[in-house]
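>>> coordinates only, sequence not included:
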């Protein structure tokens, strides 16, 4: 008949759990001391444990939440009413942005067309071997400013 080794297994599991808990607490202290933001991810990485294990430990979870709340900057107060942008002002800014976007899209389309024409002319010159009327080196067409 075999000897009952369950007491040794339980003791080893208990030691491993205590060591894991000590690593997690040490990681919390290290992160807090270093001024690093305390998150579940950072503590798990530092301690070499899983995030799910941290979430399953109520006291560690509460400590992490407390440190996160302490480190979180206070919400900035809303500006006074007289400094807030009016709906009309925001609408004008939106309209100006939309107009600028349309202009940039038009410019972009013109540039694409000019580039396509220049590349097509260069390819046809290479294929036919003609110099053409282009003044640039290698027969490239010069595209002017937009």
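Perfect, I can see it now. Predicted model only: the values in this text are computed from it and were never measured. Numbers count the residues shown, from 1 in each chain.
>>> Just give the closest residue to the residue sitting nearest the centre point of the chain, not the sequence neighbours.
Against the mean C-alpha coordinate of the chain, by CA atoms, centre = their mean, the closest residue is residue 41 at 15.8 Å. Distances taken as CB to CB, 6 or more residues apart in numbering place residue 51 nearest to residue 41, at 6.4 Å, with adjacent residues excluded. Yep, even glycine has a C-beta here, placed from its N, CA and C like the rest.
>>> Report the contact partners of that neighbour.
Contact partners of residue 51, counting by CB atoms under 8 Å, 6 or more residues apart in numbering, are 40, 41, 44.
>>> Which other helices and strands does the lowest-mean-pLDDT helix or strand in the chain contact?
Ranking every helix and strand in the chain by mean pLDDT, DSSP states H and E puts helix 58-71 at the bottom, with a mean of 88. If contacts are counted by 3 or more CB pairs under 8 Å, 6 or more residues apart in numbering; DSSP states H and E, helix 58-71 sits against helix 6-34, helix 40-47, helix 51-55.
>>> now residue 24: how far from residue 37?
16 Å (CB to CB, to the nearest Å).
>>> With neighbour numbers in mind, choose between these two.
residue 24 (22 against 13; other CB atoms under 10 Å).
>>> my guess is the more buried one meets residue 42, correct?
No: using CB atoms under 8 Å, residue 24 is not in contact with residue 42, being 11.5 Å away.
>>> How about the contacts made by residue 32?
38, 67.
>>> Count residues in the vicinity of residue 31, would you?
21.
>>> Next: residue 28.
20.
>>> How about the contacts made by it?
Residue 28 makes contact with 38, 43, 60, 63, 64, 67 under the criterion CB under 8 Å, 6+ apart.
>>> a markdown table please, covering those and showing distance to residue 105 and neighbour count.
Formatted as a markdown table, those follow (distance: CB to CB, whole Å; neighbours: other CB atoms under 10 Å):
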| residue | distance to residue 105 | neighbour count |
| --- | --- | --- |
| 38 | 46 | 23 |
| 43 | 48 | 24 |
| 60 | 54 | 21 |
| 63 | 53 | 18 |
| 64 | 48 | 21 |
| 67 | 48 | 17 |
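>>> which one of these is nearest residue 82?
Within those, proximity to residue 82 (CB to CB) peaks at residue 67, which comes in at 38.4 Å.
>>> Need the pLDDT of the spatially closest residue to that closest one that is not a sequence neighbour.
Nearest in space to residue 67, with sequence neighbours left out and distances taken as CB to CB, 6+ apart, is residue 38 at 4.1 Å. Note on residue 38: pLDDT of 89.
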